[in-house]
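Undergrad: here are the coordinates; sequence isn't available:
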């Protein structure tokens, strides 16, 4: 379930709510009970480690020609 960030316009507190995407635009009360809130735009943070290949990729074929290094033209 996505987390949405809000800010209360009355007490200026910032808070987060977990709610379904279908309710992302629904009004939200701040923890103090105020209803004058605005949803904040947030960035997505991806955590974890990136997977890395166990061995480096082989170098591209070298040499001239259209056949990957061999001459196929007469």
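TA: That came through fine. A quick note: this is a predicted structure, and the numbers were derived from the prediction, not measured.

Undergrad: and residue 19, how many residues sit next to it?
TA: By other Cβ atoms under 10 Å, 14 other residues sit near residue 19. (Glycine included, C-beta is placed from N, CA and C.)

Undergrad: retrieve the pLDDT associated with it.
TA: pLDDT, residue 19: 93.

Undergrad: and it, how far from residue 58?
TA: 48 Å (Cβ to Cβ, to the nearest Å).

Undergrad: host element of the nearest residue to residue 13 once chain neighbours are set aside?
TA: In space, and not counting its chain neighbours, residue 13 is closest to residue 30: 5.5 Å by Cβ to Cβ, 6 or more residues apart in numbering. In the assignment (DSSP states H and E), residue 30 maps to no helix and no strand.

Undergrad: pretty sure residue 30 sits against residue 16.
TA: No - if you go by Cβ atoms under 8 Å, residue 30 and residue 16 don't touch, sitting 11.0 Å apart.

Undergrad: which neighbours do the two share?
TA: Any residue near both residue 30 and residue 16 by Cβ atoms under 8 Å, 6 or more residues apart in numbering counts here, and that gives residue 6.

Undergrad: more neighbours: these two, which one.
TA: residue 30 (20 against 12).

Undergrad: what's near enough to touch that one?
TA: 6, 8, 10-11, 13, 15, 37.

Undergrad: any weak-confidence spans in the protein?
TA: 44-46, 48-55, 61-74 (pLDDT under 70).

Undergrad: switch the cut-off to 80
TA: For the chain, the stretches with pLDDT under 80 are 42-74.

Undergrad: burial of residue 23, as a residue count?
TA: 13.

Undergrad: how close does it get to residue 39?
TA: Distance of residue 23 to residue 39, computed by Cβ to Cβ: 11 Å.
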